[in-house]
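>>> build me a model:
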Amino acid sequence: MSDATPRGSATDREATTPARAAPKPAPGASAPAAAAPSPGPDTSATGAEGLIPATGSPAPSTASRATAPSSSTPSGFDRTQRKVEGPRRVRNGIKLKRKEGLETLPALANRWLDLVQGRASLDTRLLGLEYAIAGQVASFAILPGAVEALVQGRAPRPYAVRIESRVLDRAEWDTVIGAMAQEALFAAKLLAGELPSTIEEPFRAAGRPLVPEDASEVVTTCACEEKQPCKHVAAVAILAAERIEVDPQVLLTLRGLPTERLLERLQETRSRLTAGGGSGPRAASPVSAGRSVIGASPLPPIESCLHDYWRPGRQLADFESAPAGHHAPHALLRRLGPSPLGGRFPLVGLLASAYDTIRAAGLRWQEEGDAP
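Below you'll find the model as predicted:
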């Protein structure tokens, strides 16, 4: 039967087996010389595994023999010193959304961006682009004649940025609106949230292009007190150019008149033109000038007309016998201009044919109704 106790190594057996006694020398024989020590494993330095070394202190373990990392810091290094970092990140900041780059901006947006960043260096423009992409703009608003924003930099508080554009005065706006009122296309496009392709013609007639051409008409300010325009202004200008691409009517706001107010004044001017009250926004009506609508004689004082106030004048018959005005066929279609919708047949021509058919049928029915 085999031994249940596991056999140890050769070294263990040598260490635990008692040494045999040397045989006694025979009488008269000299004692044998001392035997040389066995060239077995040397345990003086490391000792056998699991045994106490023969001499010296216990051998250090492998972990203790490994070189420990030095806890000393390089000379001149301060742990409290804050390393140079970029701007502080803004949560939910306003970011540049377009992926095509700034080279493909529309003409009006590109001209406005070049106008603001014209005096900035290339590094400043690149930093401004990085700020716009990273969303460092905390707030952004386009007001009449200005763009206001807050841009977060390295400072704890964001910098207040303002880009001011010269606005048109009352007389210049009157000239622009008077030119727009001549064509219904301007009102139709503005109501649709667009700008007509000929939008710059009324502004050039007033001597003020829609996008300023002189850099002196734009003033930039920033709380960072760096040389203007700085990277914070450049970031705001990029976002403004993107807004112009999406909503080009903000250019009207930057010139001092929001689209809603422009449409109101344009409607007032067109109403006066339709009524024959003059060609300009400030044309005076005949009544306000102290003249009657029909004749050119001055109106009598109101005190002399009290007894006839509730009586119709004899001039009422003049309205019934007055000749009809000149009829311009398809006047509305002509004022609206060509239709932007494509197709095999022009939409304006189809509508004109439909109007003529409806008008002829109405006149025919009227004649048949009047016949005895």
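>>> which parts of the protein are strands?
137-143, 146-151, 159-165, 218-222 (DSSP state E).
>>> so which bits of the second one are buried?
Read it as strand 146-151. By 16 or more other Cβ atoms under 10 Å, the buried positions in strand 146-151 come out as Ala146, Val147, Ala149, Leu150, Val151. Bear in mind the C-beta positions are built from the backbone N, C-alpha and C, glycine included.
>>> most neighbours per residue, which of the strands of the chain?
Highest mean neighbour count among those (mean count of other Cβ atoms under 10 Å): strand 146-151, with a mean of 22.
>>> what is the neighbour count of Arg170?
Look at Arg170: counted by other Cβ atoms under 10 Å, it has 9 neighbours.
>>> pLDDT weak spots in the chain?
1-84, 275-299, 308, 312-328, 334-335, 337, 342-343, 345, 370-372 (pLDDT under 70).
>>> mind checking the longest helix of it?
helix 347-370 (DSSP state H).
>>> just the buried residues of that helix, please?
By 16+ other Cβ under 10 Å, the buried positions in helix 347-370 come out as Val348.
>>> what helices and strands are in contact with that helix?
Counting contacts by 3 or more Cβ pairs under 8 Å, 6 or more residues apart in numbering; DSSP states H and E, helix 347-370 is packed against helix 331-336.
>>> what's the closest of the strands of the chain to Val348?
Taking Cβ to Cβ, strand 137-143 is the member of the strands of the chain nearest to Val348, at 35.8 Å.
>>> and the angle from the closest one to strand 159-165?
Comparing the axes of strand 137-143 and strand 159-165 via axes from the mean of the first three to the mean of the last three Cα atoms, to 10 degrees yields an angle of 20 degrees.
>>> got the CA positions of strand 137-143 in CSV?
C-alpha atoms of strand 137-143 as CSV (Å, rounded to 0.1, in the frame of the first residue of the first chain):
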residue,chain,number,x,y,z
VAL,A,137,-21.8,81.6,-26.1
ALA,A,138,-24.2,81.6,-23.2
SER,A,139,-26.8,84.0,-24.6
PHE,A,140,-27.5,85.6,-28.0
ALA,A,141,-30.0,88.2,-29.2
ILE,A,142,-30.4,90.3,-32.3
LEU,A,143,-31.9,93.8,-31.5
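>>> ok, back up a step: using CSV, lay out the buried residues of strand 146-151 together with distance to Val218.
Shown next, in CSV, are the buried residues of strand 146-151 (distance: Cβ to Cβ, whole Å):
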residue, distance to Val218
Ala146, 10
Val147, 10
Ala149, 15
Leu150, 20
Val151, 18
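>>> relative to Val233, how far out is Glu226?
9 Å (Cβ to Cβ, to the nearest Å).
>>> tell me the contacts of the nearest residue to Arg243 once chain neighbours are set aside?
Nearest residue to Arg243, sequence neighbours excluded (Cβ to Cβ, 6 or more residues apart in numbering): Val250, at 5.8 Å. If you count contacts by Cβ atoms under 8 Å, 6 or more residues apart in numbering, Val250 has them with Ile142, Ala240, Arg243, Ile244.
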